[in-house]
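In: I'd like to go over a predicted model; first the sequence, then the structure.
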Amino acid sequence: MITRETVDRIIEAARIEEVVGEFVALKRRGTNLIGLCPFHGEKTPSFNVNPARNIYKCFGCGEGGNPVNFLMKHESMSYPDALRHLAKRYKIEIEETAPDPKEQELQDARESLYILNSFAQKTFSEQLVENEEGKSIGLTYFKERGFTDETIEKFQLGYSIKDWNSFARLAVKSGYQEEFLEKTGLCFRNDKGNLIDRFRGRVMFPIHNLSGRVIGFGGRILKKDEKTAKYLNSPESDVYQKSKSLYGIYHAKKAIVQKDTCYLVEGYTDVISLHQAGIENVVASSGTSLTVEQIRLIGRYTKNITVLYDGDSAGIKASLRGTDLILEEGLNVKIVLFPDGDDPDSYARKYPASDVVDFIERSAKDFVVFKTGLLMEEVSNDPVRKAGLIRNVVETIAKIPDQILRSMYVKQCSSLMEIGEGVLLNELNKIRRQQLKKESPEDNVTELITETIKPELPLTELNTEEQERNIIRLLLNFGHLKASYTVQENNPDIPGQTIAVTYEPFVARFIVEEITLDNIRFEHPVFDRILSLYAEQPEETPFLDPGFFLRHEDAELRDIAVELLSPKYELSENWSAMHGINVPLEEHNLISALEKSVFHLKKTKVMRMLEESRTKIKEAQHNGSDVVPLLEQHLRLEQIKAQISKALGIDILR
């Protein structure tokens with residue numbers, strides 16, 4: 001494990017403008033640098049590099065971080081690999097501590113599985129092009145499918161010969177332990193206890209993880225045998241979990257980000273043929289039904305999935321379950337149905353890449369349109385069956401977490417199936433109510449009220465996140481500065497007179513005391529943690545260096561710090577000279593900014609307490625309880641509201 005001291009030296013030495021500059025053309029704008037974001041397609045630069053803070057931030061897609069984060073994201077490196085890359089570049093010697101023996105043993109075991117899988121891939125690839133059986137069966141098969149030598153090499157395709165245990169013998173002879181041959185699933189033992197090769201007489205499709213390491217295999221047998229499965233996958237292991245793996249994700253991830261969409265297909269050859277046709281943002285679910293983990297993996301790169309179905313696929317209806325899962329995870333989904341007799345593989349081999357892309361874009365249907373059209377063919381004019389179809393579609397819409405999107409789909413569904421929008425909304429609310437009762441019986445009442453009954457104030461006005469964000473922004477940017485203000489106080493020497501007293505507290509101490517004085521806790525967990533870290537600082541040095549957060553091991557703290565330390569707009573140095581207008585900087589009027597930010601937070605808190613008070617009074621009236629104490633408390637809150645209004649300089653505060 002790399003020591004904390006070494007990590008700090010690496011991060012301090014690495015210059016963000018130099019690291020990013022290797023991959024992005026940067027131009028100077030004021031004190032910062034800008035360029036086109038490498039993580040999403042854009043024509044107008046929104047990628048901002050801040051040399052002073054040693055961070056980058058894209059205001060288009062939201063990506064941001066330090067030099068280590070950039071390499072991890074752009075080059076798909078692990079955290080230790082990114083640190084080692086930077087250490088080599090800046091000539092820093094890496095110091096490492098000895099890991100825990102048990103952890104080291106587990107790490108060594110996992111590494112052994114990776115190494116053995118890599119050996120197997122190289123063996124199968126060699127057998128494909130050097131072994132007579134491999135060339136006559138495996139290579140012939142791939143060539144018949146139109147795969148070029150470059151494609152075969154890119155996906156590391158191979159062939160496992162028919163012999164019962166040739167791979168097992170070769171692996172043991174090469175020094176690999178039988179224990180790991182079994183753990184990877186490359187071999188198994190027969191009734192006599194002998195090691196047997198799992199993938200005999202099959203063309204081989206290595207399965208890679210996000211960093212490109214081989215974690216398992218898919219094998220396809222070419223002869224027709226009713227007793228033998230056509231496709232065979234590696235069993236689960238410490239490095240391969242089917243439900244969390246996607247075939248082709250290593251080769252597709254950059255294209256998925258660039259295109260902001262992911263094509264999801266059924267088979268290995270579908271992925272390979274589309275790649276060869278130039279369509280690289282495509283993955284397959286690796287020999288298993290689509291899982292939540294796989295959807296979340298795609299969701300790291302895009303929120304848009306287009307599912308490509310075979311034209312003659314008999315399992316389309318069953319596969320629609322995967323569509324529901326995609327929607328539940330908050331992703332957008334479209335569906336493409338290829339012509340009868342075609343699948344993505346065969347279609348990509350028949351037509352040029354531009355025609356394939358054009359067909360997909362023209363044929364992509366929204367899931368409501370597709371599902372409705374598919375099921376409407378069966379119900380004909382049968383009202384009972386049509387009612388069942390409507391409920392089926394509404395159940396799918398109910399899985400969407402976003403309320404606005406649900407409403408839009410209800411409108412679309414109403415038009416397509418010629419049924420009143422109100423009827424669909426009632427059915428949707430009924431289904432949502434049932435879902436909420438199953439998921440959380442205690443909390444469903446609150447969610448239903450917020451979804452169907454308008455509060456006396458918009459919920460956005462009662463959310464304190466923006467106020468909390470602004471306060472933390474001031475802490476991070478100006479916490480180390482002193483803010484000067486003057487107040488009139490009683491003269492201790494002359495009774496009845498006042499004198500002007502000037503105070504110069506650190507901004508960090510001013511904010512912490514103002515917030516903690518009223519026992520306020522931030523509702524956003526990360527903002528609250530940052531505030532707590534400042535509150536724990538000694539009184540004489542209450543501020544923290546921004547680098548503390550930019551280098552923090554907690555990714556959430558790092559991301560927030562990058563965002564709040566990266567100004568989206570910067571005033572030109574020539575502004576005053578060109579326009580004759582002097583714009584005061586925020587740090588020159590800190591007390592005003594601090595007071596307003598704190599009072600706005602307190603305002604929102606009081607408004608929420610007033611709303612809660614109204615609810616309690618109504619309940620007490622309904623139950624016949626004594627409302628006088630509640631009314632007195634409500635009056636005190638109204639008085640506090642008036643004081644805050646005065647402090648903010650506004651006449652009416654709702």
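Out: Nice, I can see it. Quick caveat: nothing in here was measured; it's all calculated off a predicted structure.
In: contact partners of stretch 148-161?
Out: 121, 123-128, 131, 133-134, 137-139, 142, 147, 167, 197, 199-206, 214, 219, 251, 272, 275-276 (CB atoms under 8 Å, 6 or more residues apart in numbering). From N, CA and C alone the C-beta is placed, and that goes for glycine too.
In: Correction: the previous question concerned stretch 250-260.
Out: Contacts for stretch 250-260 (CB under 8 Å, 6+ apart): 39-41, 76, 154-155, 208-212, 262, 271, 275, 280-283, 298, 301-304.
In: circling back: is it possible to mark the buried ones in the contacts of stretch 148-161?
Out: For the contacts of stretch 148-161, a burial check counting by 16 or more other CB atoms under 10 Å picks out 121, 123-125, 127-128, 131, 134, 137-139, 142, 147, 167, 197, 199-206, 214, 219, 251, 272, 275-276.
In: re earlier: let's see which of the contacts of stretch 148-161 end up in helices.
Out: Secondary structure assignment by DSSP state H places 121, 123-128, 133, 142, 167, 251, 272, 275-276 of the contacts of stretch 148-161 in helices.
In: my read: V369 touches L416, true?
Out: Yes: look at V369 against L416 with CB atoms under 8 Å: they come within range, at 6.7 Å.
In: Contacts for stretch 214-226 next, please.
Out: Outside of stretch 214-226, the residues within contact range by CB under 8 Å, 6+ apart are 114, 117-118, 120-121, 124, 137, 141, 156, 160, 184-186, 198-199, 201-209, 228-234, 237, 239-240, 245, 247, 268, 286-287.
In: meant to ask about stretch 23-39
Out: Everything outside stretch 23-39 that qualifies as a contact, by CB under 8 Å, 6+ apart, is 17, 20, 42-43, 45-52, 58, 60-61, 63, 73-74, 257, 570-573.
In: Give the buried residues for it.
Out: For stretch 23-39, by 16+ other CB under 10 Å, it's 24, 26, 32-39.
In: how far does that stretch stretch from start to finish?
Out: Stretch 23-39 has an end-to-end distance of 11 Å (CA to CA, to the nearest Å).
In: Tell me how far that stretch lies from the chain's centre.
Out: Relative to its parent chain, stretch 23-39 has a centroid offset of 24 Å by CA atoms, centre = their mean, to the nearest Å.
In: Quick check: the farthest pair among the buried residues of stretch 23-39?
Out: Taking CB to CB as the measure, the buried residues of stretch 23-39 span a maximum distance of 17.9 Å, between N32 and F39.
In: Break this protein into its domains for me.
Out: 4-89, 102-240, 253-439, 462-568+584-645 (automatic domain parsing).
In: Now do the helices for the stretch 151-300 of the chain: every range, in order, please.
Out: 166-173, 178-183, 249-259, 268-276, 292-299 (DSSP state H, counting those that start in this stretch).
In: Show me the contact partners of the shortest one.
Out: By CB under 8 Å, 6+ apart, the list of residues contacting helix 178-183 from outside reads 109, 112-113, 116, 168, 171-172, 187-189, 195, 237-238.
In: before we move on, what about stretch 2-21?
Out: The contact list for stretch 2-21 (CB under 8 Å, 6+ apart) reads 26, 33, 35, 49-51, 54-56, 66-68, 70-71, 80, 83-84, 86-87, 89-90, 92-97, 550-551.
In: Inside helices: which ones of these?
Out: Judged by DSSP H, the contacts of stretch 2-21 include 67-68, 70-71, 80, 83-84, 86-87, 89, 550 as members of helices.
In: I only care about the contacts of helix 178-183 that end up buried; give me the ChimeraX line for that.
Out: Here is the ChimeraX command that selects only those of the contacts of helix 178-183 that count as buried (16+ other CB under 10 Å):
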select :112,113,116,168,171,187,195,237
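In: now, which of the contacts of helix 178-183 sits nearest I316?
Out: Closest to I316, out of all of the contacts of helix 178-183 and judged by CB to CB, is S237, at 31.8 Å.
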